[in-house]
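Trainee: Curious how this folds, go ahead:
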Amino acid sequence: MQVALVAVGTHGDVLPFIALGHMLLARGHGVTLAAPAPFEAMARRAGLYFQPLGTAADYEAVIGQPELWHPRWGFRPMFDFALRVAETTCLWLGATRARGVDQIVVASPLAWGARLAQELYDMRAATLHVMPFLIESRSDPPRLPGLPLPRILPAALRAWLNQGADTVAVGPFTLPPLNALRQRLGLDPVTRLRHWWNSPTRMLLMFPDWYAARQADWPSQAVQLGFPLVDRFGDVPAMPTELETFLAEGDAPIVFTYGSAMRQGAAFFETALEVCRRMGRRGVLLAPQDGQIPMPLPPGIIHLPYAPLSALLPRSAALVHHGGVGTVAQALAAGIPQLVVPVAFDHFDEGRRLKDRTLGTTLSRHAFRPARAARVLGRLLTDPAVTRACAQAKAHLAESPDAIIAACDRVEELAFLTVERGPGLKVAEAGRR
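Mentor: From the prediction side, this is the model:
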């Protein structure tokens with residue numbers, strides 16, 4: 001097969017696509033990854049052809065906006081970037097089709113150009129979701145950022161309020177320019193972004209049912225797989241020597257990270273230092289950008305731009321982080337408790353799921369202060385129920401089939417589908433199930 005992978009987002013969104021492409025390549029398929037320009041080196045290292053979406057400066061302009069980390073409006077910079085690269089992505093896929101290449105497409109929810117191309121060129125395509133936060137449900141609605149609805153409210157009411165927030169906040173900002181583009185391409189307008197961005201052919205959900213149980217009202221084309229543990233495809237594939245030495249010199253540290261894209265994390269890391277001092281614990285601070293880590297660091301604290309969490313966390317005591325789903329999954333695989341200090345996007349929803357399963361808890365950015373954070377971490381580290389839940393989650397992941405292999409199987413199944421143009425893109429089996 002020839003497969004085009006299209007991913008718009010940050011590390012947590014793009015790395016699963018690089019891992020998927022690497023596995024598809026190993027199976028003998030041709031693979032091209034279209035993603036923001038800064039991910040080119042990682043894609044090339046995995047052996048993939050690369051198509052940049054925008055320039056490195058375009059991506060940095062999005063990531064550097066303080067608004068990106070606003071609970072209610074943080075989606076706007078990333079949605080704006082998604083719209084800006086949508087038409088060129090669509091035309092790139094169309095040009096490939098015009099050359100006679102029968103290409104299968106796997107895209108992230110923000111890869112709107114892939115959905116446009118699917119409608120225009122009758123492409124076989126799948127939408128790959130890495131977080132349950134983006135799957136709507138009346139029976140188990142996700143926790144939206146900036147909308148702290150109490151759990152005592154009926155699920156159907158929370159879902160209705162979520163939809164209202166989506167209509168008021170997302171629709172007026174996104175739908176007019178998106179529908180203007182659709183009109184230029186000869187396509188009818190869409191009314192609900194979070195319905196439209198899902199391929200009617202296949203949805204690959206990269207999280208297990210014990211973490212987010214399948215709901216009766218999820219789209220019928222959705223296939224639930226498991227967590228993709230793919231940090232080996234990140235900036236540093238192996239444990240840095242200085243970190244290896246640090247880990248060997250003392251007790252298991254507490255790891256603090258606020259995500260690969262965060263540029264305003266100075267207060268978080270200042271609190272992290274004081275938490276370690278109060279608890280008498282060693283600490284690892286992970287921040288790729290300069291200016292966020294207070295200097296000089298005291299003994300027992302180390303800073304690195306990046307480290308593979310799959311190697312670091314099994315040798316750590318706990319993880320304090322923003323709540324990105326890829327980071328959540330790595331801590332679950334390591335069997336350690338998590339303290340989530342959510343910022344925006346899915347962070348609040350992931351924190352709720354961890355808390356519901358006794359795998360950790362959350363503190364707001366306002367409440368993340370040294371004394372309180374130290375007390376909360378102390379409880380997480382000594383609570384037998386948390387220890388048992390973390391051990392059970394670790395066992396679940398160890399026993400689960402490889403999610404990337406399962407995703408490859410589902411992508412290969414798309415080769416046996418025929419797509420008939422028309423309302424809803426009718427799909428029929430051509431060879432096998």
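Trainee: confidence score at His11?
Mentor: His11 carries a pLDDT value of 89.
Trainee: isn't it right up against Thr257?
Mentor: No: using Cβ atoms under 8 Å, His11 is not in contact with Thr257, being 11.0 Å away. For glycine as for every other residue, the C-beta is placed from the backbone atoms N, C-alpha and C.
Trainee: Which positions within stretch 368-384 qualify as buried?
Mentor: 368, 370, 373-374, 376-377, 380-381 (16 or more other Cβ atoms under 10 Å).
Trainee: which residues sit against it?
Mentor: With Cβ atoms under 8 Å, 6 or more residues apart in numbering as the test, stretch 368-384 has contacts from 254, 268, 271, 274-275, 277-279, 317-318, 320, 337-339, 341, 358, 360-361, 363, 386.
Trainee: cutoff 7 Å now
Mentor: Residues from elsewhere that reach stretch 368-384 (Cβ atoms under 7 Å, 6 or more residues apart in numbering): 254, 271, 274-275, 278-279, 317-318, 337, 339, 341, 360-361, 363, 386.
Trainee: Could you do stretch 164-183 as well?
Mentor: Taking Cβ under 7 Å, 6+ apart as the rule, stretch 164-183 contacts 72, 75-76, 79, 83, 86-87, 112, 144, 147, 188-190, 193-194.
Trainee: switch to 8 Å and redo it
Mentor: Stretch 164-183 has contacts (Cβ under 8 Å, 6+ apart) with 72-73, 75-76, 79, 83, 86-87, 112, 116, 144, 147, 188-194.
Trainee: again, but for stretch 352-362
Mentor: With contact meaning Cβ under 8 Å, 6+ apart, stretch 352-362 is reached by 132, 143, 211-212, 323, 328, 331-332, 337-342, 348, 351, 376, 380, 383, 385-386, 388-390, 393.
Trainee: Show the end-to-end separation of that stretch, please.
Mentor: Stretch 352-362 has an end-to-end distance of 8 Å (criterion: Cα to Cα, to the nearest Å).
Trainee: do the same with stretch 309-320
Mentor: 12 Å.
Trainee: can you check stretch 361-376 too?
Mentor: Taking Cα to Cα as the measure, stretch 361-376 stretches 8 Å from start to finish.
Trainee: pLDDT averaged over that stretch - what is it?
Mentor: The average pLDDT within stretch 361-376 is 97.
Trainee: starting at the chain centroid, how far to it?
Mentor: Stretch 361-376 has its C-alpha centroid displaced from the chain centroid by 24 Å (Cα atoms, centre = their mean, to the nearest Å).
Trainee: do the same with stretch 82-98
Mentor: 23 Å.
Trainee: any residues touching that stretch, and which ones?
Mentor: Counting by Cβ under 8 Å, 6+ apart, 2, 4, 6, 8, 34, 51, 53-54, 58, 103, 105, 110-114, 116-117, 120-121, 123, 174, 177-178, 181, 185 sit against stretch 82-98.
Trainee: in it, what counts as buried?
Mentor: Buried positions in stretch 82-98, judged by neighbour count with 16+ other Cβ under 10 Å: 82-83, 85-86, 89-94, 96-97.
Trainee: Name the spans of this structure whose pLDDT lies under the cut-off.
Mentor: Applying pLDDT under 70 to the chain picks out residues 418-433.
Trainee: hey, which helix is longest across it?
Mentor: As assigned by DSSP state H, the longest helix anywhere in the chain is helix 75-98.
Trainee: what about Phe416, how many residues close to it?
Mentor: Residues lying near Phe416 (other Cβ atoms under 10 Å) number 12.
Trainee: swap in Leu128?
Mentor: 27.
Trainee: thinking again about what came up before, mind putting the buried residues of stretch 82-98 in TSV, distance to Phe246 included?
Mentor: Shown next, in TSV, are these (distance: Cβ to Cβ, whole Å):
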residue	distance to Phe246
Ala82	39
Leu83	43
Val85	40
Ala86	44
Thr89	42
Cys90	47
Leu91	49
Trp92	44
Leu93	46
Gly94	51
Thr96	47
Arg97	51
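Trainee: Just give me the closest of the residues you listed to Leu229.
Mentor: Distances from Leu229 to the buried residues of stretch 82-98, taken as Cβ to Cβ, are shortest for Ala82 (26.0 Å).
Trainee: got the contact list for the nearest residue to the closest one once chain neighbours are set aside?
Mentor: The spatial neighbour of Ala82 that comes closest, neighbours along the chain excluded (Cβ to Cβ, 6 or more residues apart in numbering), is Leu110 at 4.2 Å. Going by Cβ under 8 Å, 6+ apart, Leu110 touches 8-9, 13, 78-79, 82, 197.
Trainee: For Phe268, give me its contacts.
Mentor: Shown in contact with Phe268 (Cβ under 8 Å, 6+ apart): 256, 258, 262, 292, 341, 365, 368.
Trainee: Check the spacing between the last one and Val320 real quick.
Mentor: Meaning Phe368. Remark: distance between Phe368 and Val320 (Cβ to Cβ, to the nearest Å) = 9 Å.
Trainee: hey, what's in contact with both of the two?
Mentor: Common neighbours of Phe368 and Val320 (criterion: Cβ under 8 Å, 6+ apart): Val341.
Trainee: Can you show me the helices along the stretch 301-433 of the chain?
Mentor: For the stretch 301-433 of the chain, applying DSSP state H, counting those that start in this stretch gives helices covering 309-312, 325-334, 347-356, 370-382, 384-399, 403-413.
Trainee: and the shortest one, which residues are buried?
Mentor: By neighbour count with 16+ other Cβ under 10 Å, helix 309-312 contains the buried residues 309-312.
Trainee: how about Tyr49, phi and psi?
Mentor: Phi and psi for Tyr49, reported as degrees, to the nearest 10, are phi -70, psi 150.
Trainee: neighbouring contacts of the top strand by length along the chain?
Mentor: In the chain, taking DSSP state E as the definition, the longest strand is strand 30-36. Applying Cβ under 8 Å, 6+ apart, the external contacts of strand 30-36 come out as 1-9, 14, 17-18, 21, 24-25, 39, 43, 48-54, 56, 58-59, 81, 89, 92, 111.
Trainee: 7 Å instead, please
Mentor: Applying Cβ under 7 Å, 6+ apart, the contact partners of strand 30-36 are 2-7, 14, 17-18, 21, 24-25, 43, 48-51, 53-54, 59, 89, 92.
Trainee: Was I right to think Ala415 contacts Met1?
Mentor: Yes: in this structure, Ala415 is within contact of Met1 by Cβ atoms under 7 Å, at 5.4 Å.
Trainee: ok, back up a step: of the buried residues of helix 309-312, closest to Asp235?
Mentor: Proximity of the buried residues of helix 309-312 to Asp235 (Cβ to Cβ) peaks at Leu309, which lies at 11.8 Å.
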